[in-house]
Structures are given as structure tokens and as C-alpha cells.
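Q: What follows is a protein structure lacking sequence information:
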């Protein structure tokens with residue numbers, strides 16, 4: 001989106017305002033509507049840049065990154081009870097108020113039919129619990145996905161909360177994920193109760209990231225930029 005162009009302003013204090021509509025969206029990389037662009041701004045995936053004649057690439061720039069984030073490994077060993085599925089991977093989350101973005105990266109060397117039984121979900125419960133589904137990450141896929149490397153991404157809002165055991169809003173569900181009181185479970189045709197599972201604090205190597213750390217983690221940077 002372009003706010004203004006011309007000969008420039010040289011005042012010491014500059015203020016400007018404008019009302020943007022869908023018609024002002026000139027590139028669809030961050031969405032085709034102004035609402036899409038605003039969601040990306042909230043998540044730090046879009047930024048404001050002011051250009052000058054001296055610095056045409058950008059004089060000053062800012063973004064609204066204020067994110068919590070979590071990344072943790074997935075394994076059949078974390079299922080309750082454990083299963084020998086050999087499906088591993090990583091769940092990565094990044095959030096802003098009212099929004100939760102996720103990325104599932106699954107390594108499926110034995111080519112199980114991933115998502116074939118019930119899809120993939122956030123469940124409410126601790127490491128030893130079998131809890132209710134609180135939000136759907138990936139819908140059930142007829143026949144499953146037997147690729148050796150599977151990546152799924154998405155964005156959750158309050159409308160995606162289908163059970164209030166871990167909270168009635170996506171922010172409350174997010175807090176449960178980060179505290180380790182909610183977990184990710186992926187189902188397959190052969191392992192209908194769960195082929196791989198994980199949550200914060202349940203497996204060695206799981207991490208919780210704060211806004212100050214997130215910029216230094218390349219995998220999360222890629223998540224925030226590309227989803």
C-alpha cells in the first residue's frame with residue numbers, strides 16, 4: 001500500500017493520517033483485503049516504511065511485533081499410551097491478541113496416512129492426559145497424506161475454539177499451550193488415537209520463546225514471514 005508520493009516534506013515534526021480500504025491493497029502477499037493486511041500487521045508480518053530522497057529504500061521503519069511463541073517436538077512416544085509410529089516433527093506457534101498461527105512439520109519416513117483418521121488438533125490436557133479437542137489444526141483427510149515430509153500452517157481465532165476446557169478464547173487456549181496444559185495431537189489411519197504428539201515441557205528440547213528471543217530463532221522468523 002502506498003500512502004503518499006511526491007516531492008517530500010522537510011518539517012521537523014510530521015503527522016499524517018488516511019483511511020485505507022480494500023481498493024488501496026496493491027499487492028496480495030499479505031492478503032487481498034485491508035482486514036488481511038491488518039492481521040499481518042498485528043502479527044509482525046507486515047511493516048510500515050517511510051522513504052526519503054536521501055534514503056529511497058527507507059528512512060524509518062517499524063513493525064508491531066509483540067509475540068509470544070513456542071516450539072516443541074512431536075513423537076509417538078508422547079502419545080498416551082505411547083505408540084511406535086516413527087512419525088516425528090515439530091509444532092511451532094506464534095501469536096498476537098486474538099490470533100494464533102501454527103506450523104506443523106512432520107517427518108513420516110514409513111509413509112503413514114497422516115490426518116487420515118481425525119486430522120490434527122490442539123487438545124486440552126497435561127502430558128499424561130487424554131483430553132478433549134479444543135481446536136482443529138488440520139481437518140480429517142480422506143486416505144491421509146503419506147508424504148515423507150509434511151508441512152501444514154494455519155491461523156486460529158476465537159471462532160476455532162470448539163471446547164472451553166482450556167478457555168473460551170484463542171488467547172486462553174494459547175496460554176494453555178505455552179504453559180504445557182494443552183497439547184498437539186496428529187492422527188493417522190493406522191493410529192487413530194494419535195500417531196505423534198507433543199507439548200511444552202513434556203519432551204526434552206521443548207522451548208518457550210519470548211518476544212525478545214524470537215528474532216534470533218531462524219525457524220520462527222521463517223514461520224512469521226511465510227505463513
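A: The structure has been received and is ready for your questions. What you are looking at is a predicted structure, and each value in this text was computed from that prediction instead of being measured.
Q: Does whichever strand or helix holds residue 150 pack against any helices or strands, and if so which?
A: Residue 150 belongs to strand 149-156 when assigned by DSSP states H and E. Here strand 149-156 touches strand 99-107, strand 133-138, going by 3 or more CB pairs under 8 Å, 6 or more residues apart in numbering; DSSP states H and E. In this view, the C-beta of every residue, glycine as well, is placed from N, C-alpha and C.
Q: any chance of those in JSON lines, plus distance to residue 93 and mean pLDDT?
A: Shown next, in JSON lines, are the helices and strands packed on strand 149-156 (distance: least, CB to CB, whole Å; pLDDT from 0 to 100):
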{"stretch": "strand 99-107", "distance to residue 93": "5", "mean pLDDT": "95"}
{"stretch": "strand 133-138", "distance to residue 93": "10", "mean pLDDT": "98"}
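Q: Let me know which of those strands is the nearest to residue 182.
A: For residue 182, the closest of the helices and strands packed on strand 149-156 is strand 133-138, at 6.4 Å, according to CB to CB.
Q: Now do the contacts for the nearest residue to residue 139 once chain neighbours are set aside.
A: Among residues not flanking residue 139 along the chain, residue 119 sits closest, at 4.9 Å (CB to CB, 6 or more residues apart in numbering). Counting by CB atoms under 8 Å, 6 or more residues apart in numbering, residue 119 makes contact with 136-141, 186-187.
Q: In TSV: these, plus neighbour count and distance to residue 114.
A: Shown next, in TSV, are the contacts of residue 119 (neighbours: other CB atoms under 10 Å; distance: CB to CB, whole Å):
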residue	neighbour count	distance to residue 114
136	17	15
137	23	12
138	20	9
139	10	12
140	14	11
141	18	8
186	32	6
187	25	8
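Q: Name the nearest of these relative to residue 73.
A: Top of the list for closeness to residue 73, among the contacts of residue 119 and by CB to CB, is residue 186 at 12.4 Å.
Q: Look up the residues forming beta bridges with the closest one.
A: residue 120, residue 196 (DSSP bridges).
Q: Pull up the per-residue confidence for it.
A: In this model, residue 186 is scored at 98, pLDDT.
Q: ok, it to residue 107 distance?
A: Distance of residue 186 to residue 107, given as CB to CB, to the nearest Å: 12 Å.
Q: rewinding a little: could I get the buried residue list for the following helix or strand past the strand holding residue 150?
A: Later in the chain than strand 149-156, the nearest helix or strand by DSSP H and E is helix 170-179. Residues of helix 170-179 classed as buried: 170-178 (neighbour count, 16 or more other CB atoms under 10 Å).
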